[in-house]
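Enquirer: Give the three-dimensional model of this entry:
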Amino acid sequence: MTETLRQKFASDPFNIACIVAAAIAVMLPVYFLGIPDGYDLGQHVRFAERYYSALISGELFPGWSGEDNFGFGSAGIRFYPPLAYYFLAISKAVIGDWYLTIFANVVGWMIAGCIGVYYCLREHLDPKMSLLAAVMYAIVPYHLFQFYQTVLFAEFAAAGILPFCFLFAQRVAARGRAVDVVSFAAAYAALLLTHIPTSVIATMSLGVYLLFAIDRKRLAASAWRFATAFAVSLAASGFYLVRLVSEVDWVAHNSPQYYLKGYYSYKQYLFPMFLVSPEQYEGKMLWHLDSQIILTAVLLVSSLAMLAWSMLRRDGSNVVRRLLLPTCVGGIFSFFMMSALSLPIWDRVTLLQRIQFPWRWLALFSLFAVVAFVAAFSRFRETLPQFRKIAAYSVSLIILSFLLFDLTQNILQSGPLPPDKFEQKLETVHAEQGCPCWWPVWAGEAAFANRRELTVNDRSIMSSQWGEEERRFRITPGVAGATARLPLFYYPHWKAYADGKAVDTGMDENGALTVQLPAAASELTVKFEEPGKLLMARAVSVLTWICILVSLLFLFFRRSSRKLNLPLFD
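Expert: I've put the predicted structure just below:
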């Protein structure tokens with residue numbers, strides 16, 4: 001390597017440019033081949049379109065997807081975290097095309113995650129080693145599997161936020177500056193607002209990681225700072241969490257059939273998965289997940305070997321104590337939680353069961369394994385320089401193995417939809433029945449047998465106006481107390497008014513909304529109205545995010561002024 005090139009790789013801006021190029025390269029097949037046709041793709045499109053329609057109409061917090069399920073609607077957006085879909089909606093408003101919007105977003109989340117890994121290691125290692133870790137995070141098999149094979153879009157987005165949670169966590173543990181606490185609060189809130197299973201896994205892993213990353217002498221101060229950061233995170237994500245916690249029993253996804261039975265039973269997804277029946281192992285591509293776990297485990301095993309050798313020779317460097325040790329422990333914990341060894345814990349903790357798939361721990365396992373491996377590789381190069389070439393060849397072989405697996409098993413087997421077929425899917429997505437998991441628990445498929453606008457035995461409809469969260473009808477006179485049945489799933493927040501006066505609502509045997517009508521001709525209005533506690537939570541969250549952004553700007557400019565010796569903040 002020439003001296004000029006060495007100097008470039010010692011430059012952060014040059015390395016960031018390399019990271020951006022690598023992230024674009026691994027996601028470029030999406031642009032040329034097509035968007036993977038995964039099972040969840042249709043649902044992600046439904047969510048994104050609802051947020052888009054809400055934002056262009058000036059609505060910041062949509063509460064109901066009125067076009068889904070032939071107009072009966074869906075409660076899914078009330079329970080699925082919104083952040084990734086806000087980004088999709090905003091991008092769509094700028095780009096104007098869903099195909100390019102999705103491509104731009106997956107590239108953006110990949111770049112974000114890799115940059116996060118880069119700066120996680122820049123705290124302890126040189127730019128070249130940090131760049132190596134960022135590139136390896138881009139190609140570690142599960143990271144690409146999330147989108148190319150299963151279109152776990154929100155989980156893929158969460159993988160772009162995860163490194164920043166650990167970056168700012170280690171800064172809080174090491175330095176405890178106000179800007180670090182606020183940054184960690186923002187990153188953790190963003191994770192909560194992106195993917196709940198990843199948030200649960202990350203929270204548990206952060207606890208284990210910090211046990212070994214925090215300086216014992218600063219334990220009390222660090223605990224107070226983290227408690228403050230978590231409180232701020234909960235306030236910032238409260239508009240979503242309050243809704244989730246208070247209404248989770250109303251959605252079918254919370255039912256045991258979606259985490260204990262059949263396809264969703266967690267017991268069949270614990271490593272090694274080859275222990276399940278051969279039909280399931282092949283049909284559900286469980287061999288694919290086993291292969292990813294084994295490939296990624298190679299990184300952790302190598303790191304553990306280096307950690308053991310470092311401890312035997314009493315290597316007390318910061319790289320070992322602050323980076324290699326905590327990430328190795330985090331990797332071991334992640335592996336344990338996705339293996340059959342942790343079955344007794346899964347059997348007893350319902351929250352874990354609702355994660356559905358233990359292999360989701362691969363997101364954390366991949367992150368820990370990559371960071372630990374590069375930290376170990378760096379120490380190996382420094383302490384055993386005579387074996388540098390052998391180490392470099394070994395790393396090259398691992399990277400090549402990852403690339404071959406990604407290309408042959410993740411990318412080429414993704415079943416992509418080119419632009420024309422993707423557009424066809426967009427056109428039909430609302431003409432199809434959505435996943436029953438996002439229906440209210442009382443809703444039944446038999447409700448779709450009657451899809452007429454409104455059913456009243458002795459009345460006729462003079463006019464009607466339909467919207468996502470409001471519907472209006474002009475009803476002719478008739479018998480008082482007559483029941484009108486709407487082709488709309490009942491939800492407690494639907495309120496009905498006849499000429500501005502509240503009337504009773506209910507549901508029929510299939511979960512469709514019913515309304516009691518007065519005798520006189522009237523204008524019937526059905527609105528989706530959020531309860532007061534959710535409106536208050538929204539106000540608190542908006543205020544919290546304003547405070548976070550203002551605090552970060554203030555702290556940034558104060559630091560800049562001190563560097564420039566300006567009197568502004570003296």
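Enquirer: List the buried residues of the strand or helix carrying residue 295.
Expert: Applying DSSP states H and E as the criterion places residue 295 in helix 286-312. Buried residues in helix 286-312, counting neighbours by 16 or more other Cβ atoms under 10 Å, are found at 286, 288-290, 292-293, 295-296, 298-300, 302-304, 306-307, 310. The way it works is simple: take the backbone N, C-alpha and C, and place the C-beta from them, glycine included.
Enquirer: Let me see the residues that make contact with the helix or strand sitting right after it along the chain.
Expert: Counting by DSSP H and E, the next helix or strand C-terminal to helix 286-312 is helix 318. Contact with helix 318 is made by residue 124, as judged by Cβ atoms under 8 Å, 6 or more residues apart in numbering.
Enquirer: what's in contact with the following helix or strand past helix 318?
Expert: Counting by DSSP H and E, the next helix or strand C-terminal to helix 318 is helix 325-337. Residues outside helix 325-337 that contact it (Cβ under 8 Å, 6+ apart) are 170, 201, 204-205, 208-213, 271, 293, 297, 300, 303-304, 307, 342, 345, 358, 361-362, 364-365, 368-369, 371-372, 375.
Enquirer: residues contacting residue 359?
Expert: Residue 359 neighbours (Cβ under 8 Å, 6+ apart): 269, 271, 273, 289, 293, 338.
Enquirer: of all those residues, which comes closest to residue 483?
Expert: Closest approach between the contacts of residue 359 and residue 483, by Cβ to Cβ: residue 269, at 45.7 Å.
Enquirer: Go ahead and build a PyMOL selection from the buried members of the contacts of helix 325-337.
Expert: Buried residues within these, by 16+ other Cβ under 10 Å, are selected in PyMOL with:
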select buried, resi 170+201+204+205+208+209+210+213+271+293+300+303+304+307+342+358+361+362+364+365+368+369+371+372+375
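Enquirer: among the contacts of helix 325-337, which are in strands?
Expert: Taking DSSP state E, every one of these sits outside strands.
Enquirer: The contacts of residue 359: which two are farthest apart?
Expert: Farthest pair in the contacts of residue 359, by Cβ to Cβ: 269 and 293, 11.1 Å.
Enquirer: Looking at the contacts of residue 359, which gets the smallest pLDDT?
Expert: Of all the contacts of residue 359, residue 273 has the smallest pLDDT value, namely 84.
Enquirer: Might one say that that residue is in contact with residue 289?
Expert: Yes. The pair residue 273 / residue 289 is scored as a contact, 6.1 Å apart, by Cβ atoms under 8 Å.
Enquirer: now the strands: where do they sit in the stretch 101-250 of the chain?
Expert: With DSSP state E, counting those that start in this stretch, there are no strands along the stretch 101-250 of the chain.
Enquirer: for the chain, what's the longest helix?
Expert: Looking across the chain with DSSP state H, the single longest helix is helix 532-563.
Enquirer: same question for it, mean pLDDT?
Expert: Helix 532-563 comes out at a mean pLDDT of 87.
Enquirer: And that helix, what's buried?
Expert: Under the neighbour-count criterion of 16+ other Cβ under 10 Å, helix 532-563 has 534, 537, 538, 540, 541, 544, 545, 548, 551, 552, 555, 558 buried.
Enquirer: need the contact list for the fifth one.
Expert: Just to be clear, that refers to residue 541. 235, 236, 237, 238, 239, 240.
Enquirer: quick one: the last one and residue 22, what's the gap?
Expert: The one in question is residue 240. Going from residue 240 to residue 22 by Cβ to Cβ, to the nearest Å gives 33 Å.
Enquirer: So which of those two has more stuff around it?
Expert: residue 240 (24 against 20; other Cβ atoms under 10 Å).
Enquirer: State whether that one and residue 80 are indeed in contact, as I suppose.
Expert: No. Residue 240 is beyond contact range of residue 80, at 9.3 Å (criterion: Cβ under 8 Å).
Enquirer: Quickly list what's touching both of those two.
Expert: What both residue 240 and residue 80 touch, as defined by Cβ under 8 Å, 6+ apart, is an empty set.
Enquirer: Kindly provide the distance from residue 413 to residue 407.
Expert: When distance is defined by Cβ to Cβ, residue 413 is 10 Å away from residue 407.
Enquirer: Next: residue 513.
Expert: To residue 407, residue 513 is 50 Å away according to Cβ to Cβ.
Enquirer: Tell me which of those two has more neighbours.
Expert: residue 513 (23 against 15).
Enquirer: in the sheet, who's paired with that one?
Expert: residue 507 (DSSP bridges).
Enquirer: Likewise for the one 10 residues further on?
Expert: Note on residue 523: beta-bridge partners by DSSP bridges are residue 474.
Enquirer: That one and residue 195: what is the separation?
Expert: Counting by Cβ to Cβ, the gap from residue 523 to residue 195 is 42 Å.
Enquirer: Give me the more crowded residue out of these two.
Expert: Comparing residue 523 with residue 195 by other Cβ under 10 Å, the one with more neighbours is residue 195, at 27 against 15.
Enquirer: Is the more buried one in contact with residue 153, as I believe?
Expert: No. Counting by Cβ under 8 Å, residue 195 does not reach residue 153; the two are 9.3 Å apart.
Enquirer: related to what we said a few turns ago, for the contacts of residue 541, give me a markdown table that also has distance to residue 502 and pLDDT.
Expert: What follows is the contacts of residue 541, written out as a markdown table (distance: Cβ to Cβ, whole Å; pLDDT from 0 to 100):
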| residue | distance to residue 502 | pLDDT |
| --- | --- | --- |
| 235 | 33 | 97 |
| 236 | 34 | 97 |
| 237 | 32 | 97 |
| 238 | 28 | 96 |
| 239 | 26 | 96 |
| 240 | 28 | 96 |
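Enquirer: Those into TSV, with extra columns for distance to residue 226?
Expert: Shown next, in TSV, are the contacts of residue 541 (distance: Cβ to Cβ, whole Å):
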residue	distance to residue 226
235	15
236	15
237	16
238	18
239	23
240	21
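Enquirer: Which of these fall within helices?
Expert: Assigned to helices by DSSP H, the following of the contacts of residue 541 qualify: 235, 236, 238, 239, 240.
Enquirer: For ChimeraX, write the selection for the buried entries among those residues.
Expert: A single ChimeraX command selects the buried members of the ones in helices among the contacts of residue 541 (16+ other Cβ under 10 Å):
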select :235,236,238,239,240
